[in-house]
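# I'd like to go over a predicted model; first the sequence, then the structure.
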Amino acid sequence: MNQKFLAALVGLILIVSLGMYAVISGEQGTADGDDSHAHADEADHDESSNHADSPAPKVDGHDEEGEGGQELILAAESLSAAGVRIEVLAPVVLSNSITVPAEIKENAYNSSIVTPRIPAIVVKRHKRLSETVEVGDPLVTLFSRDVADAEGELLVADREWRRVRRLGREVVSERRYLEAQVARQQAEAQLLSYGLGQDAVDAITSSKEPRAHSLGEFTLLAGQVGVIISDNFRDGELIEPGQKLFEIVDLDSVWVIARLEIDDANTVNVGGRAWVRYENGTQKGVVEQVRSTVDEETRTVDVRILASNLDRNLRPGQFVQAEVENGANGEPVLAVPSDALVRSSDGDWVIFEQDDDGGLKPVEVERQRVIGEWTVIEGIREGASIAVSGAFFLQSELAKGGFDIHNH
């Protein structure tokens with residue numbers, strides 16, 4: 001009895017001891033796990049702190065900049081290659097000028113009209129409005145009864161002349177020989193006077209078959225290089241002599257007609273400089289004529305300016321502003337070539353000034369007036385070193401770096 005009791009007591013003590021050992025081991029494992037997590041969090045925190053303390057990489061549009069990112073530092077070779085020229089700003093004396101509205105006209109000295117010299121019917125049109133033509137291009141084919149009669153006379157006279165010439169002066173009389181020769185020449189001259197070209201006349205007489213072409217039909221050809229600006233006719237229409245079929249104008253140059261007051265016109269000289277200002281630019285010109293009479297309606301004097309138009313920016317009928325130089329000189333002013341000015345993104349005018357270190361920075365200025373190719377400005381000191389050319393290049397260099405040209 002006592003032995004069984006003792007054995008049961010010993011077993012109970014063992015079970016309790018094992019249970020307590022398991023509980024203590026679990027708590028120690030949990031504590032170790034928490035400690036490892038704490039160490040991991042601490043390591044992560046230290047790593048994050050190290051990243052935050054390291055300096056960020058520098059993002060810079062230019063390796064060298066002035067204060068506020070507004071100064072360009074470029075080598076002299078780069079400036080020269082880009083056409084940037086630096087000069088000291090000093091007062092200049094500019095010729096006075098007169099600016100008035102003007103109208104573009106075609107250069108009448110470089111234009112022509114195409115018209116038949118006899119009544120004719122339009123058979124076929126070969127060229128149309130606004131097309132460019134070269135000398136000798138076919139324009140329109142016409143039919144005329146007069147041309148048909150003249151062609152017949154030419155064929156008869158040509159054959160007679162060939163026969164007489166073969167016989168020679170020994171067989172035919174001198175009078176008959178001359179009559180055949182003159183008749184042939186007159187028949188040819190008649191067709192030429194109708195507007196046929198020499199090649200067309202020669203084709204009539206050289207053809208072995210007289211019916212190789214339609215009798216009475218002839219083609220008018222372009223007599224100059226240019227653009228067709230008028231072709232007011234239709235196929236089948238009867239055209240009278242002198243009626244305009246085509247008007248051809250060489251638009252490489254145009255006339256600019258400016259109307260000046262009488263007193264102003266007296267100060268303008270033939271050969272003087274002029275500028276034609278339109279929406280997208282300026283074109284140089286020269287005063288070609290100052291009219292000797294006054295317009296009865298406007299009481300103004302027409303001044304004709306000859307302007308180049310190779311870029312086709314000027315069109316007959318277009319209204320522009322004409323600036324004409326007169327003989328008087330003005331007072332000294334601070335002025336720069338107009339190409340030295342550029343517009344910023346918000347529409348202000350700026351010019352590039354160079355400092356003592358060679359850096360170029362934009363300076364906002366005000367335009368007072370434009371005189372020829374110069375612009376009178378305010379907002380920059382006399383004696384400043386400025387870029388008088390290449391301003392667009394400098395502006396693009398600033399734009400590449402993403403700088404605000406006003407440093408706002």
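Thanks, I have it.
# From now on I want contacts and neighbour counts done on CA atoms only, so please keep to that.
Noted.
# Could you tell me which residues make contact with residue 138?
The neighbours of residue 138, taking Cα atoms under 8 Å, 6 or more residues apart in numbering as the test, are 126-127, 219-222.
# From those, keep the buried residues only.
127, 219-222 (16 or more other Cα atoms under 10 Å).
# would you turn these into a markdown table with pLDDT, secondary structure and distance to residue 178?
A markdown table is the format used below for those (pLDDT from 0 to 100; DSSP: H, G, I helix; E, B strand; the rest coil; distance: Cα to Cα, whole Å):
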| residue | pLDDT | secondary structure | distance to residue 178 |
| --- | --- | --- | --- |
| 127 | 96 | coil | 43 |
| 219 | 92 | strand | 32 |
| 220 | 93 | strand | 32 |
| 221 | 93 | strand | 33 |
| 222 | 94 | coil | 35 |
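# thinking again about what came up before, looking at the contacts of residue 138, which two lie furthest apart in space?
127 and 219 (11.8 Å; Cα to Cα).
# Can you check which residues contact both of those two?
138-140.
# Just give me the closest of the residues you listed to residue 163.
Distance to residue 163 across the shared contacts of residue 127 and residue 219 (Cα to Cα) is lowest for residue 138, with 34.2 Å.
# Can you give me the distance of the closest one to residue 218?
10 Å (Cα to Cα, to the nearest Å).
# same deal with residue 355?
74 Å.
# likewise residue 88?
Taking Cα to Cα, one finds residue 88 at 68 Å from residue 218.
# and those two? which has more neighbours close in?
Neighbour count, other Cα atoms under 10 Å: between residue 88 and residue 218, residue 218 has more, with 24 against 14.
# So in that sheet, which strands flank whatever helix or strand that one lives in, and in what orientation?
Using DSSP states H and E, residue 218 falls within strand 217-221. Partners of strand 217-221 in the sheet, by DSSP bridges, are strand 138-143 (antiparallel).
# Can you tell me which of the shared contacts of residue 127 and residue 219 is closest to residue 178?
Among the shared contacts of residue 127 and residue 219, residue 138 lies closest to residue 178 (Cα to Cα), at 35.9 Å.
# where do the strands sit along the stretch 201-350 of the chain?
Assigned by DSSP state E, counting those that start in this stretch, the strands in the stretch 201-350 of the chain fall at 217-221, 226-230, 238-239, 246-249, 253-260, 273-278, 281-290, 301-308, 319-329, 333-337, 342-343, 349-354.
# Leaving out chain neighbours, which residue sits closest to residue 293?
The shortest distance from residue 293 to any non-neighbouring residue, by Cα to Cα, 6 or more residues apart in numbering, is to residue 301 (6.7 Å).
# now residue 80: how far from residue 386?
Relative to residue 386, and taking Cα to Cα, residue 80 is found at 14 Å.
# Neighbour count: these two, which is higher?
Legend: neighbour count by other Cα under 10 Å for residue 80 and residue 386, higher for residue 386 (25 against 12).
# host element of the more buried one?
strand 385-389.
# what's that strand packed up against?
If you count contacts as 3 or more Cα pairs under 8 Å, 6 or more residues apart in numbering; DSSP states H and E, strand 385-389 packs onto strand 85-88, strand 333-337, strand 349-354.
# After that strand, heading C-terminal, what element do we hit next?
Counting by DSSP H and E, the next helix or strand C-terminal to strand 385-389 is helix 391-400.
# Can you list the buried residues in that next one?
391-392, 394-395, 398.
# And for stretch 361-369?
Buried, per 16+ other Cα under 10 Å, within stretch 361-369: 361-364, 367.
# so can I have JSON lines of the buried residues of helix 391-400 showing pLDDT and distance to residue 248?
Converted to JSON lines, these look like this (pLDDT from 0 to 100; distance: Cα to Cα, whole Å):
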{"residue": "391", "pLDDT": "86", "distance to residue 248": "41"}
{"residue": "392", "pLDDT": "86", "distance to residue 248": "39"}
{"residue": "394", "pLDDT": "87", "distance to residue 248": "45"}
{"residue": "395", "pLDDT": "85", "distance to residue 248": "44"}
{"residue": "398", "pLDDT": "80", "distance to residue 248": "48"}
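# possible to save those as TSV with distance to residue 119?
Listed next are those as TSV, based on distance: Cα to Cα, whole Å:
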residue	distance to residue 119
391	62
392	60
394	66
395	65
398	69
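# So which of the residues you listed is the closest to residue 198?
Closest to residue 198, out of all of the buried residues of helix 391-400 and judged by Cα to Cα, is residue 392, at 56.1 Å.
# The closest one and residue 344, how far apart?
Taking Cα to Cα, one finds residue 392 at 11 Å from residue 344.
# got it, and residue 150?
72 Å.
# And residue 124, by the same measure?
Residue 124 sits at a distance of 56 Å from residue 344 (criterion: Cα to Cα).
# do residue 257 as well
34 Å.
# Kindly report the domain assignment for the protein.
When the chain is parsed with automatic domain parsing, its domains come out as 67-94+332-400, 96-108+251-328, 147-214.
# Could you dump the ones you listed into CSV with distance to residue 120 added?
Shown next, in CSV, are the domains of the chain (distance: least, Cα to Cα, whole Å):
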stretch, distance to residue 120
domain 67-94+332-400, 52
domain 96-108+251-328, 27
domain 147-214, 9
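# closest one to residue 117 among those?
The nearest among the domains of the chain, by Cα to Cα, is domain 147-214 at 5.6 Å.
# how far does stretch 259-267 sit from the chain's center?
Between the centre of stretch 259-267 and the centre of its chain there are 32 Å (Cα atoms, centre = their mean, to the nearest Å).
# Which positions within it qualify as buried?
259-260, 265.
# and it, average pLDDT?
Stretch 259-267 shows a mean pLDDT of 91.
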